[in-house]
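[1] here are the coordinates; sequence isn't available:
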C-alpha cells in the first residue's frame, strides 16, 4: 500500500475535522464548534488547510490571517457566522505508532477501530513507548491509547517487538466490554 492510500483512509475518518462557525471579536477569528463546545483560534493554524462552506459545497484554501482564506481562485474574506472546517491532527504518539505499522496491520487496525464506532481522531490520550527506544537494536514494550466517541471509551494496548523478529499485537477493549485483537509478525 502506498502512503497515499494510508492518508486517504485517515482523511475519510469520522470526526477528522473540527467544523464550526466563525466568530469575530476584537480582530480575533475563532471557530466555534457548538456540538463539541470547542474553540479554535484561527491564527494558531497559519498557513494550514481550511475549508469554507459555500452554496456549491466546501471550498478548500489556506488560512493566511487577517480574516482571509487563499483559494485557487483568489482570496476570500471570512465573515462572522461563516461555516468552516479544519482538519484535526492526530496526537504525535498515535501518529508515529500508525506510521510504524505494516500496511496490512494498519488497515486491519483502522477497520477494527471503526467497527467499534471509533475514529483515530477520537484519541484523548496516547503514550508510545517505542518513541523512547530509538537507540536500541531490540525494542520491546507496550504503548497505550484511549479514544472517546462520547458514547463509550476504547482502550488500545499496542504490544510491540522490533529486531530480528518483529511483531505487533493490538488489543482493543471498549468500556461496554466489546473486544478486538489485531496481530502481525514480520521479518
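    Sure, I can see it. In this text, all values refer to a predicted model and were calculated from it rather than measured experimentally.
[2] Okay, now the unreliable bits of this structure?
    Scanning the chain for pLDDT under 70 picks out 1-4, 36, 46-47.
[3] How about residue 30: what's its closest non-neighbour residue?
    The shortest distance from residue 30 to any non-neighbouring residue, by CB to CB, 6 or more residues apart in numbering, is to residue 23 (4.8 Å). Just so you know, the C-beta spots here come from the backbone N, C-alpha and C atoms, and that holds for glycine as well.
[4] How about residue 163?
    residue 138 (3.9 Å).
[5] what's the neighbour count on that neighbour?
    11 (other CB atoms under 10 Å).
[6] what's it in contact with, if anything?
    161, 162, 163, 164 (CB atoms under 8 Å, 6 or more residues apart in numbering).
[7] what do you get if the cut-off is 10 Å, keeping everything else the same?
    By CB atoms under 10 Å, 6 or more residues apart in numbering, the residues touching residue 138 are 161, 162, 163, 164, 165, 166.
[8] hang on, the earlier thing: tell me how many other residues surround the residue nearest to residue 30.
    Count around residue 23 with other CB under 10 Å applied: 15.
[9] and it, that one's in a strand?
    Yes: assessed with DSSP: H, G, I helix; E, B strand; the rest coil, residue 23 lies in a strand.
[10] give the contact list for it.
    Neighbouring residues of residue 23 by CB under 10 Å, 6+ apart: 29, 30, 31, 32, 39, 42, 80, 81, 82.
[11] Quick one: end-to-end distance for stretch 81-91.
    Terminal residues of stretch 81-91 are spaced 29 Å apart (CA to CA, to the nearest Å).
[12] What residues sit buried inside it?
    Buried residues in stretch 81-91, counted by 16 or more other CB atoms under 10 Å: 82, 84, 85, 86, 88, 90, 91.
[13] and the closest residue in space to the second one that isn't next to it in sequence, how many neighbours does it have?
    Which is residue 84. Excluding its sequence neighbours, the residue lying closest to residue 84 (CB to CB, 6+ apart) is residue 52, at 5.0 Å. Residue 52 has 19 neighbouring residues, counting by other CB under 10 Å.
[14] Please report phi then psi for residue 58.
    phi -80, psi 130 (degrees, to the nearest 10).
[15] What is the neighbour count of residue 152?
    Residues near residue 152, counting by other CB under 10 Å, number 15.
[16] which residues does it contact?
    Here residue 152 is in contact with 116, 117, 118, 174, 175, 176, 177, 178 (CB under 10 Å, 6+ apart).
[17] helices or strands next to the strand or helix carrying residue 99 in the packing?
    Take DSSP states H and E as the rule and residue 99 turns out to sit in helix 92-100. The contact analysis (3 or more CB pairs under 10 Å, 6 or more residues apart in numbering; DSSP states H and E) places helix 92-100 against helix 3-11, helix 103-115, strand 123-127, strand 139-148, strand 153-162, strand 166-174.
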